[in-house]
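Q: Here is my input, please return the structure:
(chains A and B)
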Amino acid sequence: MKLFSTIGSYLLMIKGMFTKPENFKMYWKELMHQSVEIGIGSLWIVSVISIFMGAVSAVQTAYQLTNPLIAKETIAQIVRDTVILEFAPTLVCIVLAGVVGSKIAGELGNMRVSEQIDALEIMGINTKAYLVAPKILAALITIPMLVVLAAALGIYGGRLAGQFAGIVPSDTYDRGLLQSFIPKNVWFALAKAYTFAFIISSVSAFYGYNVKGGSLEIGRASTTAVITSCILILFADFILASILL
Amino acid sequence: MIELKDVKKAFGEKEILKGISAVMETGKTNLIIGTSGSGKTVLQKCMVGLFEVDSGGILFDGKDLATMHQEERKELRQQIGMLFQGSALFDSMTVEQNIKFPLDMFTKWNHSKKITRVNDVLERVNLKDTNKKYPGEISGGMMKRVGIARSIVLNPKYLFCDEPNSGLDPQTSLVIDLLIRDITKENNITTIINTHDMNSVMEIGENIIYLYLGEKEWEGTNKEIIFNKNKKLNQFIFASEFLRDAKDMRMLEEKGIVDNDRNMEEIMRDGGANLVMGEEETETENQNSNPEK
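A: Numbering: from 1, shown residues only, chains lettered A, B, ... in the order given. As a prediction, this is how the structure comes out:
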């Protein structure tokens, strides 16, 4: 019963975002602010994770491909496809659920507890539209960009690891990248990125926006937001893979 | 003017407001007092539209809040200023940005006009040179004053204050009380204050509503509260012996039995306190024989 009530409240929050802005300029300012917070704020961690993710992927693939009949280019193909199909969209988004999700839930939770949301409501501002919608939009803009960047850096990380560990020379790796490339995989990764971006931002905003109680509840809301987002990401990942591949 | 007509509100099975009727007059400081859990915060949240009432009406200058369209409500809310218990300032904004926020959102003024207005209200609440400070860098009393400045920046018709003195020392509390009263008079606004603070009740209570377990138990002015015979109200207001003594003294002063300039020692020596004690006992006896709300 509680699950249905939670889903209902979540859908009502989403529905409540669609109203005419009181002042478009202020909403635009908030959207830009959130885009910087989510996009630029996560750039460093996404870059580090992506490079190591690609590097580890290359080393482990080489470790398992012991048959001398398998060409070295295959390592590059496996790294490329794993990074594009799974690592960049799913792993990065799970990390972002922690980084961005907890930040969104914490920020909104703090605003709720300290009555800042009530203050905005009393001024006549639709807080769902002003506080939640820009966060979701900003996530939809920036997270797919981060996923594309993560894919590029992941593949490059594999190349660096292959070169420095003496697993596969750079020119062989580059040649392998161009072989058997399926462009549809990129669209699949982007579809996942948009879906996960929506999950991360809306679920975290929902838990933050509906915090009741004191500062302890803000921490609980952040944790619940991250856990729920991660589970939903994995569930959506499975559904999308079943439908689109 | 705000009129409450038999306002009822329950959360699940629990009835919080059990039919409150009252009139909050324009140009006056209207105080809602009561113990914790008496329903005063819920009543105020119903009045500003954060909670919907179950039955009854809240009329703003004759217009019922419940029957207002979305747009009408939006317009009304722009005429409402509210000072929150914890000030509710936006942490990530400076004092200036906090006060300018309603102007940014609801006016098409140019930047310099907005800044002039911000400086005007900051000057009005006696806060200068704090424009660039963040809420975390100023004291509790200053935060309250910034909260007041933000709530009056759009020239509201109605000002709501939720426990404006909580967490403040008595001297700062008095400054905030007098500031709210002066702003109410200057702008002829309807001010509604939720408070526990007895100094506020005595200092600025032009119209006081005492809530007890969700019902209006008593209504009157700060002058009348001294002479009130309501047992529950007296237990709430004059909770300590010190306050009861102060009440006795005030009663004597009001009746002209003692002179304000005479000191306490002189009055006690003259047996003034005994005179009051005798009077109070008579009142209690009267209440017991003929209970009055």
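
Q: Please name the residues that touch residue 199.
A: Just so you know, I chose chain A. The contact partners of A:Ile199, by C-beta atoms under 8 Å, 6 or more residues apart in numbering or on different chains, come to A:Ala97, A:Ser229, A:Leu232, A:Ile233, A:Ala236. Yep, even glycine has a C-beta here, placed from its N, CA and C like the rest.

Q: other chain: chain B
A: B:Asn199 is in contact with B:Asn165, B:Pro170, B:Ser173, B:Leu174, B:Asp177, counting by C-beta under 8 Å, 6+ apart.

Q: cutoff 7 Å now
A: Taking C-beta atoms under 7 Å, 6 or more residues apart in numbering or on different chains, we find B:Asn199 in contact with B:Pro170, B:Ser173, B:Leu174.

Q: sorry, back to before: and which of the contacts of A:Ile199 is nearest A:Ile125?
A: Among the contacts of A:Ile199, A:Ser229 lies closest to A:Ile125 (C-beta to C-beta), at 26.5 Å.

Q: Just list what whatever helix or strand the closest one lives in packs against, helices and strands only.
A: Counting by DSSP states H and E, the element that carries A:Ser229 is helix A:215-244. Helix A:215-244 makes packing contacts with helix A:92-96, helix A:102-113, helix A:184-209 when contacts are defined by 3 or more C-beta pairs under 7 Å, 6 or more residues apart in numbering or on different chains; DSSP states H and E.

Q: orientation of it relative to helix A:184-209 in degrees?
A: Relative orientation of helix A:215-244 versus helix A:184-209 (axes from the mean of the first three to the mean of the last three C-alpha atoms, to 10 degrees): 160 degrees.

Q: any idea which residue sits dead centre in chain B?
A: B:Ile193 (1.8 Å; C-alpha atoms, centre = their mean).

Q: Model confidence for it, exactly?
A: With respect to pLDDT, B:Ile193 scores 94.

Q: now it, nearest residue through space, not along the chain?
A: If the residues on either side of it in the chain are set aside, B:Ile193 comes closest to B:Cys161, at 4.4 Å by C-beta to C-beta, 6 or more residues apart in numbering or on different chains.

Q: Give me the distance between B:Leu4 and B:Met24.
A: For B:Leu4, the distance to B:Met24 under the criterion C-beta to C-beta, to the nearest Å works out to 8 Å.

Q: And for B:Gln171?
A: In this structure, B:Gln171 and B:Met24 are separated by 28 Å, where distance is defined by C-beta to C-beta.

Q: okay, those two: which has more neighbours?
A: Neighbours per residue, other C-beta atoms under 10 Å in any protein chain shown: of B:Gln171 and B:Met24, the larger number sits with B:Met24, 23 against 8.

Q: Contacts only, for the more buried one.
A: Applying C-beta under 7 Å, 6+ apart, the residues near B:Met24 are B:Met1, B:Ile2, B:Asn30, B:Thr190, B:Ile192.

Q: Got phi/psi on the second one?
A: What it means is B:Ile2. Backbone dihedrals for B:Ile2, given as degrees, to the nearest 10, come out at phi -120, psi 130.

Q: swap in the fourth one?
A: The phi/psi pair for B:Thr190 (degrees, to the nearest 10) reads phi -90, psi 110.

Q: so it touches B:Thr26, yeah?
A: Yes. Shown here, B:Thr190 and B:Thr26 form a contact pair, counting by C-beta atoms under 7 Å, at 4.8 Å.

Q: Now do the contacts for the residue of chain A found nearest chain B.
A: Checking chain A residue by residue against chain B with C-beta to the nearest C-beta singles out A:Gly124 as nearest, at 3.4 Å. Shown here is A:Gly124, whose contacts under the criterion C-beta under 7 Å, 6+ apart are B:Lys74, B:Arg77, B:Gln78.

Q: Looking at whichever residue of the stretch 101-250 of chain B sits closest to chain A now. What's its pLDDT?
A: Nearest residue of the stretch 101-250 of chain B to chain A (C-beta to the nearest C-beta) works out as B:Met105 at 5.1 Å. On the pLDDT scale, B:Met105 is placed at 92.

Q: Name the nearest residue to it, ignoring sequence neighbours.
A: When the adjacent residues along the chain are set aside, B:Met105 lies closest to A:Asn23, with 5.1 Å between them (C-beta to C-beta, 6+ apart).

Q: burial count for that neighbour?
A: By the other C-beta under 10 Å criterion, the neighbourhood of A:Asn23 contains 15 residues.

Q: Near chain B, which residues of chain A are found?
A: With C-beta under 7 Å from any C-beta of the partner chain as the criterion, chain A comes near chain B at residues A:22-23, A:26, A:114-116, A:118-119, A:121-125.

Q: and if we set it to 8 Å?
A: Residues of chain A lying close to chain B (C-beta under 8 Å from any C-beta of the partner chain) are A:22-23, A:26, A:110, A:114-116, A:118-119, A:121-125.

Q: out of those, which one sits closest to A:Gly41?
A: A:Asn110 (16.8 Å).

Q: ok, the nearest residue to that closest one once chain neighbours are set aside - contacts?
A: Taking C-beta to C-beta, 6+ apart, and ignoring the residues beside it in sequence, A:Asn110 has A:Ile218 as its nearest neighbour in space, at 5.8 Å. With contacts defined as C-beta under 8 Å, 6+ apart, A:Ile218 is in contact with A:Ala105, A:Gly106, A:Gly109, A:Asn110, A:Val113, A:Gly208, A:Val211.

Q: Buried ones only from the contacts of B:Met24, please, as a ChimeraX command.
A: Selecting in ChimeraX just the buried members of those, where the criterion is 16 or more other C-beta atoms under 10 Å in any protein chain shown, is done with this command:
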select /B:1,2,30,190,192
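
Q: Distance to chain A for the contacts of B:Met24 - can I get that in TSV?
A: TSV is the format used below for these (distance: C-beta to the nearest C-beta, whole Å):
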residue	distance to chain A
B:Met1	19
B:Ile2	14
B:Asn30	17
B:Thr190	15
B:Ile192	13
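
Q: Save the contacts of B:Met24 as TSV, and put in distance to A:Gly176 too.
A: Supplementary listing: those in TSV, determined by distance: C-beta to C-beta, whole Å:
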residue	distance to A:Gly176
B:Met1	80
B:Ile2	75
B:Asn30	78
B:Thr190	76
B:Ile192	73
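
Q: contacting residues for the one residue in chain B that gets nearest to chain A?
A: At 3.4 Å from chain A, B:Arg77 is the closest residue in chain B, using C-beta to the nearest C-beta. B:Arg77 makes contact with A:Glu121, A:Ile122, A:Met123, A:Gly124, B:Val48, B:Gly49, according to C-beta under 8 Å, 6+ apart.

Q: try 10 Å this time
A: A:Glu121, A:Ile122, A:Met123, A:Gly124, A:Ile125, B:Val48, B:Gly49, B:Phe106, B:Pro156, B:Tyr158 (C-beta atoms under 10 Å, 6 or more residues apart in numbering or on different chains).
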